[in-house]
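Peer 1: Predicted structure and sequence below. I'll ask about it afterward.
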Amino acid sequence: GPDKGDTSASHMPSPPSPDASGSAFLDWASSAGVATSAAFLVEPTATEGFGAVAGERVSVGDILVTVPRASALAVFSLEEEMRQTTTSLAQSHALAYAACRVAAAPRGREPWVALWPATPEGTWGVEGDSWRAFDGDAFRELRRLHEEGEAAARAAHEKLPPDISWERFKLGVSIVTSRAADLVVSGERQPVLLPVIDLCNHRRGGEHNCAIVFEDDHFVLRCERPIQAGEPLTISYGSKENAELLYGYGFALRSNPSDAALLRLPLAPAADPTFGVQRAALTPRGMLDEEDCFWLPLGWSCDGPRWAPLLLMMLRLAAASSTAELIAAMTAAAGGGGDEEGEEAEADVDIDEVPALGWSLLAEACDADLAGSAPQGADGDDTVPYWPHGAASVASAARRDLVLAYAEVAWRRRDAA
């Protein structure tokens, strides 16, 4: 679930719950070998549905839940028939197939399966006209994620027995995407479905209070900072931008330090066709479209917009008017730290190398994006259903915050030139 108190958490749909207190579910978990401390409670929450809450004060290092390896659902725990069927599949698709089988025949796991979503979550559940909520440049990355994910899932589905329909497998994929923890088990990173622990909701990195580790053949939920009685027990799903959260989980965060965006920057036609070909050849793959537009990678740093070497290089390429300037831009990027995740100190040095035209082009691109990206529904408006329109509104507002941060720097540097 989303971050409590964030506008993205408003009117989230609540998953089914086995009973008002969660005691029956925990009784089942105990019979399955899952150990929970007295501080671990399962309760309905105001904004995040059924979740884990501290029943008493918890100290750093305290263990809240211990799940034996045998009680987890993962590729390593598949029965021989499932293992043979899924040999050629990616681990996430193999686990999705297992989830389909377990959902149809729980074999004693009924209380756990009752908590799984009955319909696909995230964009796996978006169909037809509902996709209009994710139109426009603001959701370009989300559509790419979904298209690639669906293509891979359909290819995996073709290898499964005929009794597994596409709709059934799609739900299995969604269960894995939204509920599985990505953990290192016996030296290999893989998705794992964990009873009880999967009731912990999400917080941004650094704001969660628990973490999952694998040790002594058990999955352990351990407290990472002091927790007061009544406080939700939370984990971090990882550093995910809003496109990933929408895709896999069906929510977005207005204040998301991991958020990123691609900004469309139209290029002026090259006076010399040869120069245009050279510029295209030097542009990183996937960053130039058929309409001769750059897609600039935006993101946050600890103190504002992130000026990664890749972004600065592309601004210099966009402003270049000669082959020499193209080569200078590429040379500076190669010597300044390299990739999109480049170090901030190196990026700060390179920022002064962007010419006035580069800042002017960035300012114009930001202006155009801000003018055309008004949210479809007011952020936090109770009259807008959260999914998909409310979530799209939150993500759109978060993106505008990011673009505006870049625009303010671009306006200032353009006007100072």
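Peer 2: Structure's in. What do you need? All of these numbers come straight from a predicted model, not from anything done at the bench.
Peer 1: buried set for the longest strand along the chain?
Peer 2: Longest strand in the chain by number of residues (criterion: DSSP state E): strand 293-301. Neighbour-count burial for strand 293-301 flags Cys293, Phe294, Trp295, Leu296, Pro297, Leu298, Gly299, Trp300 (criterion: 16 or more other Cβ atoms under 10 Å). Placement of C-beta: from N, CA and C, glycine included.
Peer 1: Format those residues as CSV; extra columns: distance to Ala328 and pLDDT.
Peer 2: Formatted as CSV, the buried residues of strand 293-301 follow (distance: Cβ to Cβ, whole Å; pLDDT from 0 to 100):
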residue, distance to Ala328, pLDDT
Cys293, 22, 91
Phe294, 17, 93
Trp295, 22, 93
Leu296, 19, 94
Pro297, 21, 95
Leu298, 23, 97
Gly299, 25, 97
Trp300, 28, 96
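Peer 1: distance between the longest strand of the chain and the chain's centre?
Peer 2: 17 Å (Cα atoms, centre = their mean, to the nearest Å).
Peer 1: Over to stretch 173-192?
Peer 2: 14 Å.
Peer 1: mean confidence score for that stretch?
Peer 2: Regarding stretch 173-192, the rounded mean pLDDT is 94.
Peer 1: residues in contact with stretch 235-246?
Peer 2: Here stretch 235-246 makes contact (Cβ atoms under 8 Å, 6 or more residues apart in numbering) with 2, 122-123, 134, 139, 141-142, 145, 181-182, 197, 200-208, 210-212, 221, 248-249, 251-253, 256, 258-260, 299, 391-392, 394-395, 398-399.
Peer 1: quick revisit: helices or strands up against the longest strand of the chain?
Peer 2: strand 260-266, helix 309-319, helix 391-416 (3 or more Cβ pairs under 8 Å, 6 or more residues apart in numbering; DSSP states H and E).
Peer 1: and that strand with helix 391-416, angle?
Peer 2: Angle of strand 293-301 versus helix 391-416, following axes from the mean of the first three to the mean of the last three Cα atoms, to 10 degrees, is 100 degrees.
Peer 1: which element follows strand 293-301 toward the C-terminus?
Peer 2: strand 304-305 (DSSP states H and E).
Peer 1: In its sheet, which strands sit next to that following strand, and in what direction?
Peer 2: strand 293-301 (antiparallel) (DSSP bridges).
Peer 1: Beyond the helix or strand of the chain with the lowest mean pLDDT, next helix or strand please.
Peer 2: Least confident helix or strand of the chain, by mean pLDDT, DSSP states H and E, is helix 344-350 with a mean of 46. Helices and strands here follow DSSP H and E; after helix 344-350, the next one along the chain is helix 356-371.
Peer 1: Now do that following helix: distance to the chain's middle.
Peer 2: Relative to the chain's own centre, helix 356-371 is displaced by 27 Å; criterion: Cα atoms, centre = their mean.
Peer 1: CA atoms only for it, dumped as PDB, please.
Peer 2: The C-alpha coordinates for helix 356-371 follow below in PDB (Å, rounded to 0.1, in the frame of the first residue of the first chain):
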ATOM      1  CA  ALA A 356      22.800  29.800 -23.000                       C
ATOM      2  CA  LEU A 357      20.900  28.100 -25.900                       C
ATOM      3  CA  GLY A 358      20.800  24.900 -24.000                       C
ATOM      4  CA  TRP A 359      19.100  26.600 -21.000                       C
ATOM      5  CA  SER A 360      16.700  28.400 -23.400                       C
ATOM      6  CA  LEU A 361      15.700  25.100 -25.000                       C
ATOM      7  CA  LEU A 362      15.300  23.400 -21.600                       C
ATOM      8  CA  ALA A 363      13.100  26.300 -20.400                       C
ATOM      9  CA  GLU A 364      10.900  26.200 -23.500                       C
ATOM     10  CA  ALA A 365      10.500  22.400 -23.100                       C
ATOM     11  CA  CYS A 366       9.600  22.800 -19.400                       C
ATOM     12  CA  ASP A 367       7.100  25.600 -20.300                       C
ATOM     13  CA  ALA A 368       5.400  23.400 -22.900                       C
ATOM     14  CA  ASP A 369       5.300  20.400 -20.600                       C
ATOM     15  CA  LEU A 370       3.800  22.400 -17.700                       C
ATOM     16  CA  ALA A 371       1.200  24.000 -19.900                       C
END
